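Participant: Here's my sequence, what's the structure:
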Amino acid sequence: MILYTTMPQELIFPVENGEYEKQRVIDFNGVSLVVQQTDMNAYQIVRNLSTDPAHYLSTEYSPGQTINFL
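Facilitator: Coordinates of the predicted model:
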């Protein structure tokens, strides 16, 4: 299905605010990341906010990776 409209996608298909409440921005090894908590001490990377291209090439900071805090 193709939908042709001038309205933004967020107005047509609204996202629940509860999805964003689980996310937060952290600084991990000097890299700003948006993470979502999965377990008590584990977070999953949602988005890389860094402006350094080398951080995007590193698999350590790629979305879907898990960060464990002890």
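
Participant: Tell me how many other residues crowd residue 33.
Facilitator: The number of residues packed near residue 33 is 22, by other Cβ atoms under 10 Å. For every residue, glycine as well, the C-beta is placed using N, CA and C.

Participant: Check the one 10 residues further on too.
Facilitator: A count of neighbours around residue 43, defined by other Cβ under 10 Å, yields 21.

Participant: now swap in residue 44 and tell me
Facilitator: That count, for residue 44 with other Cβ under 10 Å as the rule, works out to 15.

Participant: I figured it hits residue 38, correct?
Facilitator: Yes: here residue 44 lies in contact with residue 38, judged by Cβ atoms under 8 Å, at a distance of 5.1 Å.

Participant: Common neighbours of the two, please.
Facilitator: Residues touching both residue 44 and residue 38 (Cβ atoms under 8 Å, 6 or more residues apart in numbering) are residue 66.

Participant: wait, what's in contact with the residue nearest to the spatial centre of the chain?
Facilitator: Geometric centre of the chain, nearest residue: residue 46, 2.3 Å, by Cα atoms, centre = their mean. Going by Cβ under 8 Å, 6+ apart, residue 46 touches 23, 33-36, 63.
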